[in-house]
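Enquirer: all I have is the shape, not the residue letters:
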């Protein structure tokens, strides 16, 4: 007799990203698949967390996060994002940005509601929405600049639309949404009385194109939830410290949901992130310079082996197209490259509402230490640049 399992999980499975990462690790390859961001965390961040452990900061925190971190977030939001917020009522610390998004979905949406997501998309956004019974409507982004058709967005709204998700800078495209795009989205959300959720976890990683927070605009401020966190900025992806900034009435509900699901983000690690948010601007400038050099190396390598990379304006991900016919599809390409040279990537088809749109694309992650990225690039060059005989 088959044991009962919830309908909501009947069709979910491990993501391609994690599957290929596991295979790559087993064969001692170089993982350009998962955004593991294996850089060293800043010493100030690590030392503050160690000191917090030694000081026995091991108990539950306030359900909104420790006061010191909320104040540091408020300072950062004003200084970097141009958003003024009250650390007592408009900020909640969450268990990672993915945890923040889960809390947002539960606080904003009912089963049967609709959410608009741009495609290519970040899988966690779409999969969490589906897990909670929300219907996803997609608006396509067109390479290589990843613009969207304004009429397509306008047509996606219905009376059931309750949320629009904006990931900027975007995983997997590296798109940084422009002011005109954000204002257009804000206009439509105001017209349809819809929440805006912006995932800005890569906000500090841009290349000559400024990151803009939707919540800085008065016409969007009262309906925008800004999600970010420490994972990518300080290379502490496993610490799981994220946060949400938004209207007080929403943050109140999200904080309770976060308490029910997770209790709190790890207490001593919250103290570590306080130290991170106190770093000078030079830290962020050096980080971007480092990723820019790695982006250049990967772009040059991919072009030399016959790929057409869509050079990102932000993040540390890159989609790149290969000539149709070189491999049958993106999955075959991923598996061939992993087997032949030991470099893990992700099939581009995993990120599109219509998988066919990404069947000749792969996603590469260059958040690696330079020596490892150089190793990966040398391996990739062994593929050559021509179609298989």
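Expert: It's in. Note that the coordinates shown come from a computational prediction; the quantities given were computed from them, not determined experimentally. Numbers count the residues shown, from 1 in each chain.
Enquirer: residue 320: what's it in contact with?
Expert: Shown in contact with residue 320 (CB atoms under 8 Å, 6 or more residues apart in numbering): 302, 307, 308, 309, 310, 361, 362, 363, 364. Where you see a C-beta, it was placed from the backbone N, CA and C, and this is true even at glycine.
Enquirer: measure it to residue 79 for me?
Expert: Remark: distance between residue 320 and residue 79 (CB to CB, to the nearest Å) = 35 Å.
Enquirer: hmm, back to that, report the buried members of the contacts of residue 320.
Expert: Neighbour counting over the contacts of residue 320 (16 or more other CB atoms under 10 Å) leaves 302, 307, 309, 310, 361, 362, 363, 364 as the buried ones.
Enquirer: the closest residue to residue 98 other than its chain neighbours sits in which helix or strand?
Expert: Nearest non-adjacent residue to residue 98, counting by CB to CB, 6 or more residues apart in numbering: residue 124, 5.2 Å away. Assigned by DSSP states H and E, residue 124 belongs to helix 123-131.
Enquirer: tell me how far residue 345 lies from residue 218.
Expert: Residue 345 is 42 Å from residue 218, where distance means CB to CB.
Enquirer: please read the previous query as pertaining to residue 21.
Expert: From residue 21 over to residue 218 (counting by CB to CB), the distance is 43 Å.
Enquirer: same question for residue 122.
Expert: 28 Å.
Enquirer: of those two, who's got more company?
Expert: Neighbours were counted for residue 122 and for residue 218 using other CB atoms under 10 Å; residue 122 has more, 22 against 8.
Enquirer: and the residue nearest to the more buried one when sequence neighbours are not counted, how many residues sit next to it?
Expert: Excluding the flanking residues, the one nearest residue 122 by CB to CB, 6+ apart is residue 171, at 4.8 Å. Residue 171 has 27 neighbours, counted by other CB under 10 Å.
Enquirer: ok, now residue 186?
Expert: 22.
Enquirer: doesn't it belong to a helix?
Expert: Yes - secondary structure of residue 186 (DSSP: H, G, I helix; E, B strand; the rest coil): part of a helix.
Enquirer: tell me the contacts of it?
Expert: 196, 214, 217, 219, 220, 224.
Enquirer: for the nearest residue to the third one once chain neighbours are set aside, give its distance to residue 45.
Expert: If you skip the residues right next to it in sequence, residue 217 has residue 186 as its closest partner in space, 5.8 Å away by CB to CB, 6+ apart. Shown here: residue 186 relative to residue 45, a distance of 34 Å by CB to CB.
Enquirer: with residue 91 instead?
Expert: 19 Å.
Enquirer: show me where the stretch 51-200 of the chain has strands.
Expert: 91-94, 114-119, 135-142, 147-148, 161-167, 195-199 (DSSP state E, counting those that start in this stretch).
Enquirer: who wins for proximity to residue 340 among those strands?
Expert: Relative to residue 340, the nearest member of the strands of the stretch 51-200 of the chain by CB to CB is strand 114-119, separated by 29.8 Å.
Enquirer: sheet-wise, list the partners of the closest one with their directions.
Expert: strand 135-142 (parallel), strand 161-167 (parallel) (DSSP bridges).
Enquirer: for that strand, what is the average pLDDT?
Expert: For strand 114-119, mean pLDDT rounds to 98.
Enquirer: quick one on the thing from earlier: out of the strands paired with strand 114-119, which comes closest to residue 73?
Expert: Residue 73 sits nearest to strand 161-167 of all the strands paired with strand 114-119, at 19.6 Å, using CB to CB.
Enquirer: now that closest one against helix 123-131, angle please.
Expert: Strand 161-167 runs at 160 degrees relative to helix 123-131, counting by axes from the mean of the first three to the mean of the last three CA atoms, to 10 degrees.
Enquirer: so what touches strand 161-167?
Expert: Here strand 161-167 makes contact (CB under 8 Å, 6+ apart) with 105, 108-110, 113-118, 121-122, 125, 134, 137, 177, 182, 185, 188-189, 192, 194-199, 214.
Enquirer: stretch 66-77 too?
Expert: With contact meaning CB under 8 Å, 6+ apart, stretch 66-77 is reached by 64, 83-88, 91, 93, 213, 226, 241, 243, 245, 267, 270-271, 273-274, 277-278.
Enquirer: mind running it again at 7 Å?
Expert: Residues outside stretch 66-77 that contact it (CB atoms under 7 Å, 6 or more residues apart in numbering) are 64, 83, 85, 87, 91, 93, 243, 245, 270-271, 273-274, 277-278.
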